[in-house]
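Student: just to be clear, the model below is a prediction. Sequence and coordinates:
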Amino acid sequence: MTEKPKSRTGITRILYAFTYTFNGLRHAIMNEAAFRQELMVFVVALIAMLFMPLSDIVKLLLFISSIIILIVELLNSAIEAVVDKASPEYNELAKQAKDMGSAAVFLSFTAAGVVWIYAIIQIFRS
């Protein structure tokens with residue numbers, strides 16, 4: 001087992017935080033199929049959104065609701081990793097934690113879907 005890294009302060013802490021962020025994103029892209037799929041859909045949706053005849057506020061809502069899916073997927077993957085480490089054998093509470101993480105991803109998709117449907121309706125109304 002390795003030692004816990006020492007705490008950093010000031011600009012060094014900020015620089016290391018960026019490193020941890022990119023490590024987390026790289027890990028998700030390399031090892032989490034669901035995150036890769038959602039990231040690809042996000043990129044396509046972002047490009048499409050830029051060309052849609054929508055107000056800036058609707059585009060902002062589309063962006064935020066879409067990126068929330070990625071955020072929730074990262075949190076779900078983190079929950080699953082911790083649960084797998086803490087409880088490698090089957091445990092009902094571990095299952096509940098994983099199921100709730102999955103439900104959170106589903107709800108973020110639902111929220112984004114509602115915003116996208118609203119945006120598409122706005123396009124057809126104009």
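Tutor: All right, it came through fine.

Student: where's Tyr90 relative to Glu32, distance?
Tutor: 22 Å (Cβ to Cβ, to the nearest Å). (Glycine included, C-beta is placed from N, CA and C.)

Student: neighbour count winner among those two?
Tutor: Set Tyr90 next to Glu32 and count neighbours by other Cβ atoms under 10 Å: Glu32 wins out with 18 against 7.

Student: please, where are all the helices along the protein?
Tutor: Along the chain, counting by DSSP state H, helices occupy 10-31, 33-51, 56-86, 92-125.

Student: just those: most buried one?
Tutor: Mean neighbours per residue, mean count of other Cβ atoms under 10 Å, is largest over the helices of the chain for helix 56-86, with a mean of 16.

Student: picking that back up, for Lys4, find the nearest of the helices of the chain.
Tutor: Relative to Lys4, the nearest member of the helices of the chain by Cβ to Cβ is helix 10-31, separated by 13.6 Å.

Student: report all helices and strands that that closest one contacts.
Tutor: helix 33-51, helix 56-86 (3 or more Cβ pairs under 8 Å, 6 or more residues apart in numbering; DSSP states H and E).

Student: I'd like the distance between Val115 and Leu62.
Tutor: 6 Å.

Student: what is the neighbour count of Leu54?
Tutor: 19.

Student: which residue, other than its chain neighbours, is closest to it?
Tutor: Ala119 (5.7 Å; Cβ to Cβ, 6 or more residues apart in numbering).
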